[in-house]
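**Student:** Attaching a predicted model along with its sequence, questions to come.
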Number of protein chains: 2
Amino acid sequence: MKIAPLSGFPEWLPADRIVEQRLLDTLRETFELHGFSGIETRAVEPLEQLLRKGETSKEVYVLSRLQGEEGQKAELGLHFDLTVPLARYVLENAGKLDFPFKRYQIQKVWRGERPQDGRFREFIQADVDVVGADTLAFHHDIELPLVMVDALSKLPIPRVVVRASNRKVAQGFYEAIGIEDVEETLRIVDKLDKVGPDVVAELLAERVGASEEQARKALALADITGTDASVAESVLELGARSELLDEGLDELVRLIEGANDLIEGSLVADLRIARGLDYYTGSVFESTVIGHEDLGSVCSGGRYDALASDGKKTYPGVGLSIGVSRLLSRVIGSGLVQASRKVPTCVLVAVNDESERLSASRTAMALRQRGIPADVSPNSAKFGKQIRHADRRGIPYVWFSTDEGEQVKDIRSGEQVSADANTWSPPSEDLYPQLNGEA
Amino acid sequence: MKIAPLSGFPEWLPADRIVEQRLLDTLRETFELHGFSGIETRAVEPLEQLLRKGETSKEVYVLSRLQGEEGQKAELGLHFDLTVPLARYVLENAGKLDFPFKRYQIQKVWRGERPQDGRFREFIQADVDVVGADTLAFHHDIELPLVMVDALSKLPIPRVVVRASNRKVAQGFYEAIGIEDVEETLRIVDKLDKVGPDVVAELLAERVGASEEQARKALALADITGTDASVAESVLELGARSELLDEGLDELVRLIEGANDLIEGSLVADLRIARGLDYYTGSVFESTVIGHEDLGSVCSGGRYDALASDGKKTYPGVGLSIGVSRLLSRVIGSGLVQASRKVPTCVLVAVNDESERLSASRTAMALRQRGIPADVSPNSAKFGKQIRHADRRGIPYVWFSTDEGEQVKDIRSGEQVSADANTWSPPSEDLYPQLNGEA
């Protein structure tokens, strides 16, 4: 049997899993501090649900039972994001949820894409969304990116810049300058960072019939950035005007100013952001890690006026999603963050002789009862060998039963002191594995 | 579009997810206290890996890409347990792991079975295993069930009884009394609780050609239980004897006595336990929840002398697995445990007027900075309505900005006091949602 990693399905060794787990814990803690409820949805959705957006259909993994009946139609697929499941969950449980419903969700998703750097077939997303019943106040557009700003700032990673635009600005502007195919224009402008302005201008001429002047203006719009109302002025200076554009600019300015009033430097307006996905209707967000711009956006999202609808009620929402695996693969792969040890164990209790294993186990039990992760040496080899067992795993303390009573050795310093398993405690920084690297 | 729950794919409302998350956290904390490293493996394995055990092949969900090439053979399936992935992970990373390798793993698994009470198609398992390289000391057979005893005792559930037997005892005994098809006999005796002794005797006669005397002895063996060496005496009194039987009895007595020496009442020998699965080679474990015996075993496992092998090295292991979803569906379904509120939020900051939202947000930020989960009222409705917003979710405190300064109200008692967001703290039991129910 061939045993080899599967391309696109990342797995971590135990020490790196400690880093991943710490990141996930930090996200969860932050989301809960902001009052978001954690939910977990099943990994599968009905295929018809997953295929509503034509664009993503190629990526869906379809499930079938090995012994399913002949000719049985496949009906289930693995979810490719956490937004489709959220929409379904809200409709399914609408009568039991309190709106506005604030939820976070940290789960694996699957996409059958060709794996490449930073793109996986199985990866973890961390989403926060707030969903209203029929209405959802605009201040949630300010709240949601700030939840992510708070969460990202607590991770041991370089600073992340969250950038925002507004779908209405782009659409209003394009329409005002006479471009008709707004969807396609958004998709083309979305490629700006990858292909550059000249190619974008060519594509605009070719695919949406844009004149030179129209292309120039679309590119000028995409060049506008800022952190206050001056952004709206810069847009208006380009000469286009429409009701939708005005509405979008008003929202964008309220968003940027509202966010920066609360946390200075938290949000930058960047009119380049287009977000190809067609369900966004207002604010849109992207973010890049400083020094790792090549990773692309690690936290994206936006406002959707109709996340879900059951015919009677419509559920608007706004939310963002962190691509945890993409972020993590960079953080771990580039050695930015490491765990201080490979195991949770703080103390290894040595065993003098197999006849003393029971007593060593009791010592470990006493330590654990006071919250100190402890393990018992798997053998009663010479002390040097038991210490090497601890050292290899990064376990900081070895506990000995000696003729002078119980003693504990810090194997990093060599210091050995008398100790009682019912009272001794390690310094708090040694209790659990620590992450080093930039904080 | 039809929106309906999928049978066999359980999902929880936010309040029940709090219960689930708390259970999972307790398991993880306990496993780490015992020095086990957390790993997470991808959800998929190569089909050939999943189908090695013929018995389970019917349950495998096979993956295919919606736009995969015509005639492309399915190569991946979702894992149906966490043992097959562990074996593969150990072989794949053998050069980078330290042995004995102690790992826990808490993940979803999938089985395409017909859903029924307590059986799901998607469910969470929590596994602990220790894996050796070529050898693995017997004392781990004692250690592993005690990790689970410790973990289960910390969950807010009725007491769980962990029972043990030894595959060598059953095999040695059956062979000694002249039964040849040991595998089939194990499978038949495994049904004892379900079908009763008469049917087992019939099946033994029919399928393995057992005489009345052989069937009687097999049933007598299955009736033996105990918590010390008397178990071995009871077995030997049945008159059968073989080297394998002696070896098994020696292990079983060491296991039971060793476990009960360390934690009294932790482990009961029960010769009825057969564990149909053919990879167990020594100790086997099952456990039932007192008062919920109909749930079946919620924590099972055993020793396997060859969990994995790469031709050069063999990796023996011993471990147990908790069926978290099965346990949880009973705990939640029967109302045994409930969360004290539906959201993480401890304090809802009221908003007098939309113009004061920024200030309310700053108050919430100050509370969060000191670890207090806080949310801001989504609207500036009358206070009564804002209090009902908190009450409906079980949020205990509402924060007001009044003419007399900042005040916080415990909406359960109605008590309202002056407070400063930079210093006020709730009683610790109000900080996070609590689980009530039996502990």
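**Tutor:** Alright, I've got the coordinates.

**Student:** How about the contacts made by residue A:351?
**Tutor:** Each residue near residue A:351 by CB atoms under 8 Å, 6 or more residues apart in numbering or on different chains is listed here: A:357, A:360, A:376-377, A:379-380, A:386. Every C-beta, even on glycine, is put in place using the N, C-alpha and C of the backbone.

**Student:** Actually, residue A:168.
**Tutor:** Residue A:168 makes contacts with A:244-245, A:247-248, A:251, A:281-282, as judged by CB under 8 Å, 6+ apart.

**Student:** And the residues you listed, which is the shakiest by pLDDT?
**Tutor:** Lowest pLDDT of those: residue A:281, 93.

**Student:** Skip the chain neighbours and tell me the closest residue to it.
**Tutor:** Once flanking residues are discounted, residue A:281 sits nearest to residue A:305: 4.2 Å by CB to CB, 6 or more residues apart in numbering or on different chains.

**Student:** now swap in residue A:132 and tell me
**Tutor:** Closest residue to residue A:132 apart from its sequence neighbours, by CB to CB, 6+ apart: residue A:100 at 4.7 Å.

**Student:** Does that neighbour touch residue A:130 like I think?
**Tutor:** Yes. Counting by CB atoms under 8 Å, residue A:130 is a contact partner of residue A:100 at 5.1 Å.

**Student:** Now do the shared contacts for these two.
**Tutor:** When contacts are counted by CB under 8 Å, 6+ apart, residue A:100 and residue A:130 have A:136, A:140 as shared neighbours.

**Student:** rewinding a little: give the partner strands of the helix or strand encompassing the residue nearest to residue A:281 in its sheet and their orientations.
**Tutor:** Assigned by DSSP states H and E, residue A:305 belongs to strand A:299-309. Using DSSP bridges, the strands paired with strand A:299-309 in its sheet are strand A:283-289 (antiparallel), strand A:314-323 (antiparallel).

**Student:** could I get those strands as CSV with mean pLDDT and mean neighbour count?
**Tutor:** Compiled in CSV, the strands paired with strand A:299-309 are given as follows (pLDDT from 0 to 100; neighbours: other CB atoms under 10 Å in any protein chain shown):
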stretch, mean pLDDT, mean neighbour count
strand A:283-289, 95, 25
strand A:314-323, 97, 24
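
**Student:** Mind putting the ones you listed into JSON lines with distance to residue A:39?
**Tutor:** Below are the strands paired with strand A:299-309 laid out as JSON lines (distance: least, CB to CB, whole Å):
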{"stretch": "strand A:283-289", "distance to residue A:39": "21"}
{"stretch": "strand A:314-323", "distance to residue A:39": "13"}
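
**Student:** number of nearby residues for residue A:119?
**Tutor:** Here the count is done by other CB atoms under 10 Å in any protein chain shown, and residue A:119 has 16 residues near it.

**Student:** That one and residue A:302: what is the separation?
**Tutor:** Residue A:119 sits 21 Å away from residue A:302, taking CB to CB, to the nearest Å as the criterion.

**Student:** List the contacts of the closest residue to residue A:80 other than its chain neighbours.
**Tutor:** Counting by CB to CB, 6+ apart, residue A:111 is the residue found nearest to residue A:80 once chain neighbours are left out, at 4.9 Å. Applying CB under 8 Å, 6+ apart to residue A:111 gives the contacts A:56, A:59-61, A:80, A:120-121.

**Student:** quick one, phi psi at the closest residue to chain B within the stretch 301-439 of chain A?
**Tutor:** Closest to chain B within the stretch 301-439 of chain A is residue A:375: 3.2 Å, counting by CB to the nearest CB. Main-chain torsions, residue A:375, degrees, to the nearest 10: phi -130, psi 160.

**Student:** contacting residues around it?
**Tutor:** Counted by CB under 8 Å, 6+ apart, residue A:375 has contacts A:343, A:345, A:347-349, A:364, A:395, B:34-35, B:102.

**Student:** Pick out whichever of those sits closest to residue B:44.
**Tutor:** Distance to residue B:44 across the contacts of residue A:375 (CB to CB) is lowest for residue B:102, with 24.8 Å.

**Student:** I'd guessed the closest one sits against residue B:37; true?
**Tutor:** Yes. At 6.4 Å, residue B:102 counts as touching residue B:37 under the criterion of CB under 8 Å.

**Student:** which residues are common contacts for these two?
**Tutor:** Contacts common to residue B:102 and residue B:37, judged by CB under 8 Å, 6+ apart, are residue A:343.

**Student:** ok, which stretches of the stretch 1-150 of chain A are strands?
**Tutor:** Applying DSSP state E, counting those that start in this stretch to the stretch 1-150 of chain A gives strands spanning A:37-38, A:44-46, A:61-65, A:76-78, A:101-110, A:122-131.

**Student:** Just name the most buried of those strands.
**Tutor:** strand A:76-78 (a mean of 25; mean count of other CB atoms under 10 Å in any protein chain shown).

**Student:** Parallel or antiparallel, list what pairs with that one.
**Tutor:** strand A:44-46 (antiparallel), strand A:61-65 (antiparallel).

**Student:** what pLDDT, on average, does the first one get?
**Tutor:** Model confidence over strand A:44-46 averages 95 on the pLDDT scale.

**Student:** Would you pull up how far it lies from the middle of the chain?
**Tutor:** Its chain's C-alpha centre and that of strand A:44-46 lie 22 Å apart, by CA atoms, centre = their mean, to the nearest Å.

**Student:** For it, which outside residues touch it?
**Tutor:** A:63, A:75-79, A:84-85, A:88, B:2, B:6, B:9, B:122.

**Student:** May I see the residues you listed arranged in a markdown table, with distance to residue A:15 and pLDDT as well?
**Tutor:** Below are the contacts of strand A:44-46 laid out as a markdown table (distance: CB to CB, whole Å; pLDDT from 0 to 100):
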| residue | distance to residue A:15 | pLDDT |
| --- | --- | --- |
| A:63 | 33 | 92 |
| A:75 | 41 | 88 |
| A:76 | 36 | 93 |
| A:77 | 34 | 95 |
| A:78 | 29 | 96 |
| A:79 | 30 | 96 |
| A:84 | 34 | 94 |
| A:85 | 32 | 96 |
| A:88 | 37 | 96 |
| B:2 | 46 | 65 |
| B:6 | 37 | 89 |
| B:9 | 34 | 94 |
| B:122 | 30 | 96 |
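
**Student:** From those residues, pick the one nearest residue B:274.
**Tutor:** The closest of the contacts of strand A:44-46 to residue B:274 turns out to be residue B:122 (CB to CB; 27.5 Å).

**Student:** In the sheet, which residues pair with that closest one? Tell me.
**Tutor:** When bridges are called by DSSP bridges, residue B:122 pairs up with residue B:110.

**Student:** I'd say it and residue A:43 touch.
**Tutor:** Yes. Counting by CB under 8 Å, residue B:122 touches residue A:43, with 6.3 Å between them.
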